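S.K.: My questions concern the predicted model and sequence given below.
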Amino acid sequence: MTDEDLVIAYAEGSNDAFDILLNRHKSNVYSYIYFIVRNREMAEDIFQETFVKAITTIKQGRYTEAGKFRAWINRIAHNLIIDYYRQEKNEQTISNDDCDVDLWNNAKLSDGTIEDEMVKEQILSDVKKLINYLPDNQKEVLLLRYYQDLSFKEIADITGVSINTALGRMRYAILNMRRMAAEKNMILTMD
C-alpha cells in the first residue's frame, strides 16, 4: 500500500495502517532529527511529538498532503526542531564526539587497509567539522540531501522555501566547505 492508502486506512480506523507508516518512516525521521539536534533524548522527544502531531492531524481530518506523506512528516519534525531551538536558542548543540555511537565513522563503509581506514576517519572528521561551521540553513539542506536522500522538491517542502533556494543553499554549502577546506589545507580525497 502507498503512504496515502495507509493514511486513508488509518483515518478510517485502521491502527495497523499507522503502524506500517511509522515503521516505514521512523528511521529517516529519527535520523533527520538527531543529525540536527545532536541529543538522543531530545531527538526521541521530538520524534514522538512528530508522530503524535501526525496522528492528531490525520484523525481530525486535516491531512491534505496527498502524495507527499514523507515530506509532510519531515516538515512536522522540522517545525518541532525550530520550536526546540527557539526555546533553547542560547545553548550549543552536542558534538558528535560526545555521543556513544559515532554516526559519521561507520565501519560498514570500509574495506581497505588500516592506513585507508585512518585516512577515511580523518576525512570524515574534517567533513563533520566543516559541516558544523556552515550556516544553519545550508547545513540543513546538506543533511537532508546527503543523509536523508531527499529530493530538492522534498527539501523545499520541508524547509518552506522554493526549489531554487534549496538548490542555492546546497551550492553555497559545498562552495563554503571547499573554501574552508582550502583555507585549512584539508585534503578530502583518498588519492
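M.R.: Nice, thanks for sending it over.
S.K.: From now on I want contacts and neighbour counts done on CA atoms only, so please keep to that.
M.R.: Fine.
S.K.: Might you report the residue contacts of the closest residue to L167 other than its chain neighbours?
M.R.: Distances taken as Cα to Cα, 6 or more residues apart in numbering put F152 closest to L167, at 6.8 Å, once the chain neighbours are dropped. For F152, the contact set (Cα atoms under 8 Å, 6 or more residues apart in numbering) comprises 145, 163, 166-167.
S.K.: for this protein, which helix is longest?
M.R.: Longest helix of the chain, by residue count under DSSP state H: helix 15-37.
S.K.: Mind listing what's buried along it?
M.R.: 17-18, 20-21, 26, 28-37 (16 or more other Cα atoms under 10 Å).
S.K.: list the helices and strands it packs on?
M.R.: helix 3-11, helix 40-59, helix 69-87, helix 136-146 (3 or more Cα pairs under 8 Å, 6 or more residues apart in numbering; DSSP states H and E).
S.K.: Give me the contacts around the second one.
M.R.: Identification of contacts with helix 40-59 by Cα under 8 Å, 6+ apart yields 7, 10-11, 22, 29-30, 33-34, 37, 63, 73, 76-77, 80-81.
S.K.: Compute the inter-axis angle for it and helix 3-11.
M.R.: For helix 40-59 against helix 3-11, the angle by axes from the mean of the first three to the mean of the last three Cα atoms, to 10 degrees is 80 degrees.
S.K.: how big is the angle separating helix 40-59 from helix 15-37?
M.R.: Going by the same axes, to 10 degrees, helix 40-59 makes 140 degrees with helix 15-37.
S.K.: What angle do helix 69-87 and helix 40-59 make with each other?
M.R.: Going by the same axes, to 10 degrees, helix 40-59 is angled at 130 degrees with respect to helix 69-87.
S.K.: May I see the buried residues of helix 40-59?
M.R.: Result for helix 40-59 [16+ other Cα under 10 Å]: buried residues 40, 43, 46-47, 50-51, 54-55, 58-59.
S.K.: Tell me, please, the helix or strand in this structure that averages the lowest pLDDT.
M.R.: helix 114-133 (a mean of 76; mean pLDDT, DSSP states H and E).
S.K.: Can you name the two of the contacts of helix 40-59 that sit furthest apart?
M.R.: A11 and V37 (31.0 Å; Cα to Cα).
S.K.: From the recorded domain assignment, give the ranges for the protein.
M.R.: 1-94, 99-191 (automatic domain parsing).
S.K.: and G160, how many neighbours does it have?
M.R.: Burial measure for G160: 14 neighbouring residues, criterion other Cα atoms under 10 Å.
S.K.: how much space between it and N74?
M.R.: Going from G160 to N74 by Cα to Cα, to the nearest Å gives 11 Å.
S.K.: same check, this time on R179
M.R.: Distance from R179 to N74, by Cα to Cα: 30 Å.
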